[in-house]
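> Pasting the sequence and the predicted coordinates here, then a few questions.
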Amino acid sequence: MAKTLRWGIIGTGGIAHSFTGDLAHIEEGIAVAVGSRSLDSANSFADEFDIPRRYGSYEELVSDPEVDAVYVGTPHPMHRDHVILALEHGKHVLCEKPLTMNAAEARELVGVAQEKKLFLMEAMWTRFLPHVLALRELIAAGALGEIVSVEADHGQWFSPDPKHRIFAPELGGGALLDLGIYPVSFASMILGTPQRIVAMLDRAFTGVDGQTSMLFGYESGAQAILTCTSRARSATRACVTGEKARVEIEGSFYRPTSFTLIERSGESKRYEYPTVGGGLQYEAQEVARCVEEGLTESPLMTLDESIAIMETMDTVLGFL
């Protein structure tokens, strides 16, 4: 077990609440400080999670010598500045997905992290969930045979409020960046970077993308069929089909869940992975492990892959 990493939390929104709450389920991480644009917000968050150090600015948080690593949970357009701020103050960084608004920003962040020799990772927490690790082991062992297709969808219903982050352009709104990142990253994990991309996007009432369907093609001949929408709660399932067998992941595929391996003959086997909490603690454990081993990136969510994913997202948004 890695030693306890002392976390500073940037942002006090919903995902920051989830991450900080899940730290209680592990010994490798503890929240020791929180920073917000207002001290009142920081105090309220800190009181909820019994965090001793609270700051009314992000600069104060990253200057705290008691903080080892910073979790960035602010809206997408702020990721670039907040990650650079933390890196320039010598902190390791876990940044919410998507890592940035576009590939150019992602390359910039990676360059700064590598220059500073500090750890940086996109917080694609799904990568580290027990059922996803088990799926990767099955694929690596050849249980599915050559992969033929990947299907995944992520749809949530949001009340049509122009101030909500998913609809507000100034907050990086759009279904793809907020929801589509999950199926796109899932396909990347299994098949890599697509060689061919076709997409259809429809705009929400504020002009950002509201619903997107994607078809990716790969050199192997495999295909990925991916969808996302902010207009409805979809099945949020995923299926990985190989020549020998397929795996059906029950909704929601990106959260702690179970899956079924179905052989070509029709014989099936169910895999269950009970877990406590919401599941974000596993990515925190990965950061602690990597930092203790002196790594500057995770082999399960590499920086090159995060850049490649943003390049793919840039291409998809070009169809809008």
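Nice, thanks for sending it over. Numbers count the residues shown, from 1 in each chain.

> Now the residue nearest the centre of the chain: phi and psi?
Closest to where the C-alpha atoms of the chain average out (CA atoms, centre = their mean) is residue 124, at 2.2 Å. Residue 124 adopts backbone torsions of phi -80, psi 80, taken as degrees, to the nearest 10.

> Over to residue 220?
phi -70, psi -10.

> Tell me where the chain has strands.
Along the chain, counting by DSSP state E, strands occupy 5-10, 29-35, 53-55, 69-72, 92-96, 120-123, 147-155, 196-203, 209-217, 223-229, 238-242, 245-249, 259-263, 268-271.

> Quick one: the ones you listed as TSV, columns for mean neighbour count, distance to residue 133 and mean pLDDT too.
From N, CA and C alone the C-beta is placed, and that goes for glycine too. Shown next, in TSV, are these (neighbours: other CB atoms under 10 Å; distance: least, CB to CB, whole Å; pLDDT from 0 to 100):
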stretch	mean neighbour count	distance to residue 133	mean pLDDT
strand 5-10	25	20	98
strand 29-35	24	19	98
strand 53-55	20	33	97
strand 69-72	25	21	98
strand 92-96	26	18	98
strand 120-123	26	16	98
strand 147-155	21	17	98
strand 196-203	15	28	98
strand 209-217	21	23	98
strand 223-229	22	20	98
strand 238-242	23	14	98
strand 245-249	21	13	98
strand 259-263	18	12	98
strand 268-271	12	11	97
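
> Could I get those strands in a markdown table, plus columns for distance to residue 131?
Listed next are the strands of the chain as a markdown table, based on distance: least, CB to CB, whole Å:
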| stretch | distance to residue 131 |
| --- | --- |
| strand 5-10 | 25 |
| strand 29-35 | 22 |
| strand 53-55 | 35 |
| strand 69-72 | 23 |
| strand 92-96 | 21 |
| strand 120-123 | 18 |
| strand 147-155 | 14 |
| strand 196-203 | 27 |
| strand 209-217 | 23 |
| strand 223-229 | 19 |
| strand 238-242 | 10 |
| strand 245-249 | 7 |
| strand 259-263 | 6 |
| strand 268-271 | 7 |
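
> where does the stretch 1-150 of the chain have low pLDDT?
Within the stretch 1-150 of the chain, the stretches with pLDDT under 70 are 1.

> quick one: the helices in it?
14-22, 39-49, 58-62, 79-88, 103-116, 130-140 (DSSP state H, counting those that start in this stretch).

> Turn those into TSV, including distance to residue 279 and mean neighbour count.
Shown next, in TSV, are the helices of the stretch 1-150 of the chain (distance: least, CB to CB, whole Å; neighbours: other CB atoms under 10 Å):
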stretch	distance to residue 279	mean neighbour count
helix 14-22	7	19
helix 39-49	18	17
helix 58-62	25	20
helix 79-88	21	21
helix 103-116	24	18
helix 130-140	9	17
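
> Between those helices, which one is closest to residue 70.
helix 79-88 (4.0 Å; CB to CB).

> Report all helices and strands that the closest one contacts.
strand 5-10, helix 58-62, strand 69-72, strand 92-96, helix 103-116 (3 or more CB pairs under 8 Å, 6 or more residues apart in numbering; DSSP states H and E).

> need those in a markdown table with distance to residue 172, can you?
Below are the helices and strands packed on helix 79-88 laid out as a markdown table (distance: least, CB to CB, whole Å):
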| stretch | distance to residue 172 |
| --- | --- |
| strand 5-10 | 16 |
| helix 58-62 | 18 |
| strand 69-72 | 13 |
| strand 92-96 | 11 |
| helix 103-116 | 11 |
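
> Among those, which comes closest to residue 157?
strand 92-96 (21.4 Å).
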